[in-house]
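Chemist: Next input, structure requested:
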Amino acid sequence: MTPLMTAGVPSVRETLDIEGEWVSLLREGISITFYIQARHEDLAPAIWRALERYRQAIEPRKLVWYWDCFTGYWPRLDAEGEAELRSRMMEPAFAAAHVMALSGSATGISFKYEGRGTTAPNFHDTYPENTCCLEFRLPTEFLDERGPEWIRALAIDLGRELPWNSGHAGLSLELSTWPKTLTPRLQEVTRRHPGFDLVHRLNRLALYLGTKLRPPAWLTFLGPPVLNELGGVEALRSRLHSPSTQVEALSPDRALVSLGPVPEAGDLEAGDTLPAYRELARVLEPWLYTHRGEWGLFTEAEVRQWERRFL
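Modeler: Predicted coordinates:
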């Protein structure tokens, strides 16, 4: 693994030649993700506006393809596709969106959303912890091209209209697919570099997360009920002593914890254990999410070890 030019982030990339065309199966990137336990129909307009802001921010890069969950195909996001995607996002019962720069290949540019409305009562009875989830991805090259402060400002802006319960922004591994042959590589990277997040199937996470928290990231967004149960912004600030950690109040019941000026992957082989991340994890431990079952092709035991990597 080689570091990017100035960001110091390990390059984690795997490609595959499919009939003469190189497809990216895995690449490192930056994920900006929010979790909202609310009704999809109440969120849909704000979600769409956040998507529009993301698209403006990443120019000249573009989202080109969207996943049609009814056919399983990837139509082009032309004028017709745009209208179809917006129509589906505004459906009150349910919306699932996956929009990418290149279909079937990890490029660092993509948007995902999973949300359920109130018109499916049996669903909510079966999955009472279901949560609306949305993720915006950026390539790690943006750390060099635009800088970490630009990414931080974008993350705050993307969430400003959303009544999020929690969220995070930081280094993350992007998978276009997870073949069995890729598992050893993922095990190697996640064990050595704890700063990399990995989300496989956002729709599954949306079923069970509730208001629990995922492990700390470079930027960790904390809202109700966890921030209130922690005693508020000042109480949280008093429990974090790492010199690189900053706690910023975004509203009376929402805060942003920044773990240093740039996202870090860490390197356990070199003794870089990310102590600021570990300190925040210990404070948040009572509220951390525990995934049930497998996570991609990681066993439940491997998932548990990975989820608790900062503890």
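
Chemist: Looks to me like residue 62 is in a helix.
Modeler: No: Residue 62 is assigned coil when assessed by DSSP: H, G, I helix; E, B strand; the rest coil, not a helix.

Chemist: show me where pLDDT drops low in this structure?
Modeler: Of all residues in the chain, those with pLDDT under 70 make up the ranges 1-7, 18-20, 120-121.

Chemist: show me where it has helices.
Modeler: In the chain, helices defined by DSSP state H lie at 40-57, 79-89, 121-126, 141-145, 148-159, 183-192, 202-208, 226-229, 233-238, 275-284, 300-307, listed in chain order.

Chemist: Now the shortest one - C-alpha only, CSV.
Modeler: Which is helix 226-229. Coordinates of each C-alpha in helix 226-229 appear next as CSV, following Å, rounded to 0.1, in the frame of the first residue of the first chain:
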residue,chain,number,x,y,z
VAL,A,226,-27.3,10.1,22.8
LEU,A,227,-26.0,13.6,23.2
ASN,A,228,-28.7,14.4,25.8
GLU,A,229,-28.0,11.2,27.7
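
Chemist: Adjust the sequence numbering to begin at 6 for everything that follows.
Modeler: Got it, first residue is 6 now, which makes that one helix 231-234.

Chemist: Measure how far it is from the centre of its chain, please.
Modeler: How far helix 231-234 lies from its chain's middle: 21 Å, per Cα atoms, centre = their mean, to the nearest Å.

Chemist: Quick check, central residue of this structure?
Modeler: With the centre of the chain defined as its mean C-alpha position, the nearest residue by Cα atoms, centre = their mean is residue 38, 3.7 Å away.

Chemist: Surely it touches residue 204?
Modeler: Yes: counting by Cβ atoms under 8 Å, residue 38 does reach residue 204; the two are 7.4 Å apart. For every residue, glycine as well, the C-beta is placed using N, CA and C.

Chemist: Identify the contacts common to these two.
Modeler: Common neighbours of residue 38 and residue 204 are listed as residue 140 (criterion: Cβ atoms under 8 Å, 6 or more residues apart in numbering).

Chemist: rewinding a little: which one of the helices of the chain lies closest to residue 69?
Modeler: Evaluated with Cβ to Cβ, the helices of the chain place helix 84-94 nearest to residue 69, the distance being 9.3 Å.

Chemist: Output the closest one as PDB, restricted to C-alpha atoms.
Modeler: Written as PDB, here are the backbone C-alpha positions of helix 84-94 (Å, rounded to 0.1, in the frame of the first residue of the first chain):
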ATOM      1  CA  ALA A  84     -33.300  14.000 -18.100                       C
ATOM      2  CA  GLU A  85     -35.600  11.000 -18.100                       C
ATOM      3  CA  GLY A  86     -33.600   9.200 -15.500                       C
ATOM      4  CA  GLU A  87     -33.400  12.300 -13.300                       C
ATOM      5  CA  ALA A  88     -37.200  12.600 -13.400                       C
ATOM      6  CA  GLU A  89     -37.600   8.900 -12.600                       C
ATOM      7  CA  LEU A  90     -35.200   9.000  -9.700                       C
ATOM      8  CA  ARG A  91     -36.800  12.100  -8.200                       C
ATOM      9  CA  SER A  92     -40.300  10.600  -8.500                       C
ATOM     10  CA  ARG A  93     -39.100   7.400  -6.700                       C
ATOM     11  CA  MET A  94     -37.400   9.500  -4.000                       C
END
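
Chemist: elements contacting it?
Modeler: With contacts defined as 3 or more Cβ pairs under 8 Å, 6 or more residues apart in numbering; DSSP states H and E, the packing partners of helix 84-94 are helix 45-62, strand 99-105.

Chemist: Relative to residue 239, which of these is closest?
Modeler: The closest approach between residue 239 and any of these, judged by Cβ to Cβ, belongs to helix 45-62 at 28.7 Å.

Chemist: which strands and helices sit next to the closest one?
Modeler: Contact here means 3+ Cβ pairs under 8 Å, 6+ apart; on that basis helix 45-62 packs against helix 84-94, strand 99-105, strand 115-121, strand 137-144, helix 153-164.

Chemist: In a markdown table, list the ones you listed along with mean neighbour count.
Modeler: Supplementary listing: the helices and strands packed on helix 45-62 in a markdown table, determined by neighbours: other Cβ atoms under 10 Å:
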| stretch | mean neighbour count |
| --- | --- |
| helix 84-94 | 14 |
| strand 99-105 | 20 |
| strand 115-121 | 23 |
| strand 137-144 | 24 |
| helix 153-164 | 18 |
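
Chemist: Just tell me which of the ones you listed ends up closest to residue 253.
Modeler: Counting by Cβ to Cβ, and looking across all of these, nearest comes helix 153-164 at 8.9 Å.

Chemist: For that closest one, which outside residues touch it?
Modeler: The list of residues contacting helix 153-164 from outside it, by Cβ under 8 Å, 6+ apart, reads 35, 37, 39, 55, 58-59, 62, 141, 143, 147-148, 172, 174, 224, 226, 255, 261, 263, 266-268.
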